[in-house]
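Participant: Structure here, sequence nowhere to be found:
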(Lines give C-alpha, C1' and ligand atoms only; values in the text may rest on other atoms or scores of the structure.)
Protein backbone atom coordinates (compact mmCIF):
# COMPACT_ATOMS: atom_id res chain seq x y z
CA UNK A 1 0.00 0.00 0.00
CA UNK A 2 1.49 3.30 -0.99
CA UNK A 3 0.81 6.65 0.57
CA UNK A 4 -0.50 9.50 -1.59
CA UNK A 5 2.51 11.50 -0.43
CA UNK A 6 6.13 10.78 0.36
CA UNK A 7 7.83 11.36 3.66
CA UNK A 8 11.36 12.61 3.38
CA UNK A 9 13.98 11.55 5.92
CA UNK A 10 13.81 15.06 7.37
CA UNK A 11 10.00 14.76 7.57
CA UNK A 12 10.32 11.46 9.44
CA UNK A 13 12.65 13.11 11.90
CA UNK A 14 10.19 15.96 12.47
CA UNK A 15 7.29 13.54 12.84
CA UNK A 16 9.18 11.48 15.43
CA UNK A 17 10.19 14.60 17.35
CA UNK A 18 6.58 15.79 17.36
CA UNK A 19 5.33 12.38 18.57
CA UNK A 20 7.97 12.29 21.31
CA UNK A 21 7.07 15.82 22.38
CA UNK A 22 3.36 14.89 22.50
CA UNK A 23 4.05 11.74 24.53
CA UNK A 24 6.30 13.56 26.97
CA UNK A 25 3.84 16.36 27.66
CA UNK A 26 0.85 14.00 27.84
CA UNK A 27 2.68 11.76 30.32
CA UNK A 28 3.70 14.76 32.44
CA UNK A 29 0.10 15.99 32.53
CA UNK A 30 -1.19 12.53 33.46
CA UNK A 31 1.47 12.18 36.18
CA UNK A 32 0.49 15.52 37.63
CA UNK A 33 -3.21 14.55 37.62
CA UNK A 34 -2.43 11.26 39.39
CA UNK A 35 -0.31 13.01 42.01
CA UNK A 36 -3.09 15.56 42.59
CA UNK A 37 -5.59 12.73 43.03
CA UNK A 38 -3.25 11.16 45.57
CA UNK A 39 -3.06 14.35 47.63
CA UNK A 40 -6.81 14.78 47.30
CA UNK A 41 -7.35 11.21 48.55
CA UNK A 42 -5.34 11.89 51.70
CA UNK A 43 -7.29 15.12 52.26
CA UNK A 44 -10.64 13.42 51.79
CA UNK A 45 -9.47 10.63 54.11
CA UNK A 46 -8.67 13.19 56.78
CA UNK A 47 -12.13 14.72 56.40
CA UNK A 48 -13.69 11.24 56.45
CA UNK A 49 -12.03 10.49 59.79
CA UNK A 50 -13.82 13.42 61.39
CA UNK A 51 -17.17 12.92 59.65
CA UNK A 52 -19.73 10.76 61.43
CA UNK A 53 -20.31 7.69 59.26
CA UNK A 54 -20.91 9.77 56.17
CA UNK A 55 -20.55 8.84 52.54
CA UNK A 56 -16.78 9.40 52.62
CA UNK A 57 -16.00 5.97 54.01
CA UNK A 58 -14.60 3.65 51.34
CA UNK A 59 -16.05 0.59 53.03
CA UNK A 60 -18.51 -0.11 55.78
CA UNK A 61 -16.94 -0.68 59.16
CA UNK A 62 -18.45 -3.71 60.92
CA UNK A 63 -20.29 -2.94 64.18
CA UNK A 64 -17.91 -5.06 66.28
CA UNK A 65 -15.05 -2.80 65.20
CA UNK A 66 -17.04 0.33 65.91
CA UNK A 67 -17.42 -0.93 69.48
CA UNK A 68 -13.63 -0.89 69.90
CA UNK A 69 -13.71 2.86 69.84
CA UNK A 70 -13.25 5.79 67.57
CA UNK A 71 -9.52 5.22 67.07
CA UNK A 72 -10.04 1.87 65.35
CA UNK A 73 -12.73 3.32 63.10
CA UNK A 74 -10.50 6.29 62.29
CA UNK A 75 -7.54 4.04 61.43
CA UNK A 76 -9.65 1.87 59.14
CA UNK A 77 -11.23 4.87 57.42
CA UNK A 78 -7.98 6.76 56.95
CA UNK A 79 -6.08 3.59 56.03
CA UNK A 80 -8.46 2.95 53.14
CA UNK A 81 -7.91 6.43 51.78
CA UNK A 82 -4.13 6.18 52.21
CA UNK A 83 -4.17 2.89 50.29
CA UNK A 84 -6.03 4.64 47.48
CA UNK A 85 -3.49 7.50 47.54
CA UNK A 86 -0.65 4.98 47.27
CA UNK A 87 -2.33 3.46 44.21
CA UNK A 88 -2.45 6.87 42.55
CA UNK A 89 1.21 7.50 43.44
CA UNK A 90 2.18 4.13 42.00
CA UNK A 91 0.32 4.99 38.80
CA UNK A 92 2.19 8.30 38.62
CA UNK A 93 5.48 6.40 39.02
CA UNK A 94 4.58 4.06 36.16
CA UNK A 95 3.76 7.03 33.92
CA UNK A 96 7.03 8.70 34.89
CA UNK A 97 9.01 5.66 33.74
CA UNK A 98 7.68 6.13 30.20
CA UNK A 99 9.38 9.50 29.86
CA UNK A 100 12.47 9.02 32.00
CA UNK A 101 15.61 8.41 29.95
CA UNK A 102 18.38 8.18 32.51
CA UNK A 103 19.21 4.85 34.11
CA UNK A 104 19.67 6.42 37.55
CA UNK A 105 16.21 8.00 37.36
CA UNK A 106 14.67 4.67 36.35
CA UNK A 107 16.42 2.88 39.22
CA UNK A 108 15.20 5.51 41.67
CA UNK A 109 11.64 5.28 40.31
CA UNK A 110 11.79 1.50 40.55
CA UNK A 111 12.90 1.67 44.18
CA UNK A 112 10.16 4.17 45.07
CA UNK A 113 7.55 2.06 43.27
CA UNK A 114 8.74 -1.04 45.12
CA UNK A 115 8.50 0.70 48.50
CA UNK A 116 5.01 2.04 47.68
CA UNK A 117 3.89 -1.40 46.53
CA UNK A 118 5.07 -2.99 49.78
CA UNK A 119 3.46 -0.22 51.85
CA UNK A 120 0.18 -0.67 50.03
CA UNK A 121 0.32 -4.46 50.34
CA UNK A 122 0.97 -4.45 54.08
CA UNK A 123 -1.55 -1.67 54.68
CA UNK A 124 -4.17 -3.73 52.83
CA UNK A 125 -3.29 -6.80 54.91
CA UNK A 126 -3.62 -4.80 58.13
CA UNK A 127 -6.99 -3.37 57.06
CA UNK A 128 -8.31 -6.85 56.17
CA UNK A 129 -7.01 -8.26 59.46
CA UNK A 130 -8.67 -5.48 61.45
CA UNK A 131 -11.97 -6.02 59.65
CA UNK A 132 -11.93 -9.79 60.24
CA UNK A 133 -10.87 -9.66 63.90
CA UNK A 134 -13.91 -10.03 66.20
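Facilitator: The structure has been received and is ready for your questions. Quick caveat, the model's predicted, so the values are computed rather than measured. Numbers count the residues shown, from 1 in each chain.
Participant: List the buried residues for the strand or helix carrying residue 108?
Facilitator: Here residue 108 sits within helix 103-132, counting by DSSP states H and E. Residues of helix 103-132 classed as buried: 109, 113, 116, 120, 127, 130 (neighbour count, 16 or more other CB atoms under 10 Å). Backbone N, C-alpha and C define where each C-beta goes, glycine included.
Participant: And stretch 76-87, by the same measure?
Facilitator: For stretch 76-87, by 16+ other CB under 10 Å, it's 76-77, 79-87.
Participant: Of these, which belong to helices?
Facilitator: When DSSP state H defines the helices, the subset of the buried residues of stretch 76-87 inside them is 76-77, 79-87.
Participant: how close does residue 107 sit to residue 97?
Facilitator: 11 Å (CB to CB, to the nearest Å).
Participant: Ok, residue 11 next?
Facilitator: Distance from residue 11 to residue 97, by CB to CB: 30 Å.
Participant: just residue 78 next, same as before
Facilitator: 29 Å.
Participant: Kindly state the pLDDT recorded for residue 84?
Facilitator: pLDDT recorded at residue 84 is 91.
Participant: If we ignore the residues flanking it in sequence, what's nearest it?
Facilitator: Closest residue to residue 84 apart from its sequence neighbours, by CB to CB, 6 or more residues apart in numbering: residue 41 at 4.7 Å.
Participant: Verify the stated contact: that neighbour with residue 89.
Facilitator: No - counting by CB atoms under 8 Å, residue 89 is not a contact partner of residue 41; they are 9.4 Å apart.
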